[in-house]
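Undergrad: what follows is a predicted structure for the sequence shown.
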Amino acid sequence: MLGTGLIKGMAETARNFVGSFLEEDRLTTVEYPEERIPAKEAARSFPFLVFDGDDAEKGLRCVACQICEKECPPQCIFILKDTAKKPDFVGKMQFQPKVFDIDVSVCMSCQICVEVCPFEAIKMDVDFELSRFDRFEGLLIHKDELSKPNSYFRKIHPTDAAAVDANLAAEKAKAEAKAVADAAAKAKAASAAAAGLAAPAKPAAAAPPPPPTPADPILKSASSSTAGPGLAETGSGKTHAPAHGS
Amino acid sequence: MIEWADQIFVLLKREILLLVPVALQPLASILLSVGPIMGVFATLFAATTVLERKGLGRIQNRLGPNRVGPFGLLQPLADGIKAIIKEDVVPYRTDRVLHTLAPILIMVAALLAYSVLPLGRNMVALDLDAGVLFFFAAGATTELAIFMAGWSSRNKYALLGAMRAIAQMISYEIPLILSTVGVLMAAGTLSTTGIVEAQSGYSGLFPNWYVLTPWGFAGFFLFLIAATAEANRSPFDLPEGESELVAGYFTEYSGFKFAMFFFGEYLGLFAANALAITLFLGGWNAPLQILDWVPSYLWFFAKLLFLIGLSIWVRGTTPRLRADQLMNFAWKFMLPMSLVNILASGLWRFTGDGVLGWLVCGSLVAGSYYALGLNLAPKNAVTKRIYRFAT
């Protein structure tokens, strides 16, 4: 009959109207500035730079390799390499960025910079409240503002950060073990040299095959820093390479 | 005391008039009638906009405006300030005179209708003998204003919207007026105060309102539907269907002129609802005899708020009609139904309000409602589509 549909519809809207006062879960509105939903772990807004420890300058993981700058599709990253070097987390001397700018008005949040970074130095942030009064200079975010501590990274992406920390700790442990082994080998070689027994024969036998250069710059640096001859060293380099394929 | 509370505004006006020199008394009397009407209904408009937005929000499980003032109640103030300080964009090559005149005319036409509406006992600005006729004559002027707006804008959307509005308003004007004929026949007068007086008194527990008769009940809903169409409100808001026509006839209006259109439209809605109250819901009469001590104007505004709430509820429920559905409904349902209703009210005169009257008039109204509803139903009902070749 004519009008039954209208009555049904009006009953439905009346149920909604009354229900919105009585049932809490009907009103899904989150009154944003006062209330907030905690950010999802997989959320991402714009990249930031991770630093270890408390000092943003000293602990910065970025080594200004400029891979992210080259890979960035909209080219929103600008890096100037500093001439001075500083030690990285294993103690190896590395370059550092003098200028590291990200233009968030250009950035498309694609996360490619994070994918390509071999140093776990650039990660995605979850902060989205980035409105500025100046739409040109204001949206060009500089190094000092981009640098955020590792503790912040652990807070916003716990799973990711745990994996990264484990990875870096493993690398550091390996580097330290290698350093100890190298020191032992060096000491042994030194003691052998000091003993003066068949001194010219031993290095001649060990030196000819040069150690293969691993793909990972950290390992490369680790191996090159202890550039002493020795079978143990080349062996360790070979086992490292597949573990850090990227 | 009760009498005094009921007549407080009438007495106040008389007292103020006595302070004015005799030569200025007619002018002062006009101002004292028009000023309060404009003030009260402008406030009601402001209250309705926020109530409507909050009500629609709740119907859609949202909160509605809640930022300005406590619970968002000062939202109309913010809207008004925004409308006033907004730039008034008038497109190049519009007819500037008509373009400016249209929103003024729609407000004037809507306000004119209030002059014959009794807002309480002895509270009517202009007690015309042909009050209902005057109301419809003044109300029809809004069509002129709408077409002025659409035509002078030099915009195809505005023109299309205005033409739709004219087609719709003329179609629904007929059932609107025909649905009141039964009341006019029963009351035997065209005066709005006379109609309210005819509905005063109680038979048993129930008041003598026309809505409590079979023909009055049908007439009330016919009137409300037609008034909704006249006010261009959902589901009859085709003239401003924003999904098709940007904003219809006020596409080219911005700032304060747009606000005036908005105001005029709501004033028209209130006026139509107020006339529905006058004709069918007993005007300012109390629904129960024991509640007779409540001042008459409070009853009037309580009923008006009830009808405004109903129209908000309908707006939150119904989707917009298609143009052909709109016309079908007007000519195939509303018009025959209102004609049958006149017949029913004529029969009521002879059968009386006993069992016989209810049986004859009730079955006549209900039967024709059912039959006309069948006629309006789609002839070829939508069935599940069978794909013969594609799988």
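TA: Noted; the coordinates are in hand.

Undergrad: how about stretch B:332-339: buried residues?
TA: Within stretch B:332-339, the residues that qualify as buried are B:333, B:334, B:335, B:337, B:338, B:339, counting by 16 or more other Cβ atoms under 10 Å in any protein chain shown. To be clear about C-beta, it is placed using only N, CA and C from the backbone, and glycine gets the same treatment.

Undergrad: which residues are contacting that stretch?
TA: Applying Cβ atoms under 8 Å, 6 or more residues apart in numbering or on different chains, the external contacts of stretch B:332-339 come out as A:2, B:172, B:174-175, B:178-179, B:181, B:218-219, B:222, B:225-226, B:368-369, B:372-373, B:375-376.

Undergrad: okay, helices next: where are they in chain A?
TA: A:4-22, A:56-59, A:67-71, A:112-116, A:143-146, A:150-156, A:158-195, A:201-206, A:217-225, A:231-243 (DSSP state H).

Undergrad: distance check, the residue positioned nearest the centre of chain A against residue A:153.
TA: Nearest to the geometric centre of chain A sits residue A:120, at 2.2 Å (Cα atoms, centre = their mean). According to Cβ to Cβ, to the nearest Å, residue A:120 stands 9 Å off from residue A:153.

Undergrad: so who does the residue nearest to the centre of chain A touch?
TA: Counting by Cβ under 8 Å, 6+ apart, residue A:120 makes contact with A:50, A:61, A:164, A:167, A:168.

Undergrad: ok, of the contacts of stretch B:332-339, which come out buried?
TA: By 16+ other Cβ under 10 Å, these give A:2, B:172, B:174-175, B:178-179, B:181, B:218-219, B:222, B:225-226, B:368-369, B:372 as buried.

Undergrad: just the closest of these to residue B:322, please.
TA: Distance to residue B:322 across the buried ones among the contacts of stretch B:332-339 (Cβ to Cβ) is lowest for residue B:172, with 15.6 Å.

Undergrad: wait, residue B:223 touches residue B:176, no?
TA: Yes - if you go by Cβ atoms under 8 Å, residue B:223 and residue B:176 touch, sitting 6.5 Å apart.

Undergrad: neighbour count winner among those two?
TA: Using other Cβ atoms under 10 Å in any protein chain shown, the more surrounded residue of residue B:223 and residue B:176 is residue B:223, with 28 against 25.

Undergrad: which of the three states applies to that one?
TA: helix (DSSP: H, G, I helix; E, B strand; the rest coil).

Undergrad: which residue, other than its chain neighbours, is closest to it?
TA: residue B:179 (4.5 Å; Cβ to Cβ, 6 or more residues apart in numbering or on different chains).

Undergrad: can I assume that neighbour is in contact with residue B:345?
TA: No - contact criterion Cβ under 8 Å: residue B:179 and residue B:345 do not qualify, at 10.1 Å.

Undergrad: can you check which residues contact both of the two?
TA: residue B:219.

Undergrad: shared neighbours of residue A:120 and residue A:153, which are they?
TA: Both residue A:120 and residue A:153 are in contact with A:50, A:164, where contact means Cβ under 8 Å, 6+ apart.

Undergrad: ok, now which ones touch residue B:100?
TA: By Cβ under 8 Å, 6+ apart, the contact list for residue B:100 reads residue B:257.

Undergrad: now do the helix-or-strand element of chain B with minimal mean pLDDT: which elements does it pack against?
TA: Using mean pLDDT, DSSP states H and E, helix B:242-245 stands out as the lowest-scoring helix or strand of chain B, at a mean of 74. Packing partners of helix B:242-245 (3 or more Cβ pairs under 8 Å, 6 or more residues apart in numbering or on different chains; DSSP states H and E): helix B:156-187.

Undergrad: in contact with residue A:148, which residues?
TA: A:48, A:49, A:50, A:51, A:125 are the contacts of residue A:148 under Cβ under 8 Å, 6+ apart.

Undergrad: residue numbers of chain A in contact with chain B?
TA: A:1-3, A:6, A:9-10, A:12-14, A:16-17, A:19-21, A:26-29, A:31 (Cβ under 8 Å from any Cβ of the partner chain).

Undergrad: how about a cut-off of 7 Å?
TA: A:1, A:2, A:6, A:9, A:10, A:13, A:16, A:17, A:20, A:26, A:27, A:29 (Cβ under 7 Å from any Cβ of the partner chain).

Undergrad: show me what the helix or strand encompassing residue B:81 is packed up against.
TA: Secondary structure from DSSP states H and E places residue B:81 in helix B:75-85. Judged by 3 or more Cβ pairs under 7 Å, 6 or more residues apart in numbering or on different chains; DSSP states H and E, the packing partners of helix B:75-85 are helix B:25-59, helix B:255-280.

Undergrad: what does it contact?
TA: Helix B:75-85 is contacted from outside by B:46, B:49, B:50, B:65, B:68, B:255, B:256, B:258, B:259, using Cβ atoms under 7 Å, 6 or more residues apart in numbering or on different chains.

Undergrad: tally of neighbours for the third one?
TA: If I follow you right, that is residue B:50. Neighbours around residue B:50, by other Cβ under 10 Å: 21.

Undergrad: contact partners for the closest residue to chain A within chain B?
TA: Chain B approaches chain A most closely through residue B:373 (2.8 Å), counting by Cβ to the nearest Cβ. Contact partners of residue B:373, counting by Cβ under 7 Å, 6+ apart, are A:1, A:2.

Undergrad: how close does it get to residue B:348?
TA: Taken as Cβ to Cβ, the span from residue B:373 to residue B:348 is 22 Å.

Undergrad: list the contacts for the residue of chain A found nearest chain B?
TA: Nearest residue of chain A to chain B: residue A:2, at 2.8 Å (Cβ to the nearest Cβ). Residue A:2 makes contact with B:373, B:376 under the criterion Cβ under 7 Å, 6+ apart.

Undergrad: how much space between it and residue A:14?
TA: Counting by Cβ to Cβ - residue A:2 and residue A:14 are separated by 20 Å.

Undergrad: excluding sequence neighbours, find me the nearest residue to residue 67.
TA: All of this refers to chain A. In this structure, residue A:67 finds its nearest non-sequential neighbour in residue A:116, 5.1 Å apart by Cβ to Cβ, 6+ apart.

Undergrad: not quite, go with chain B.
TA: In this structure, residue B:67 finds its nearest non-sequential neighbour in residue B:75, 7.6 Å apart by Cβ to Cβ, 6+ apart.
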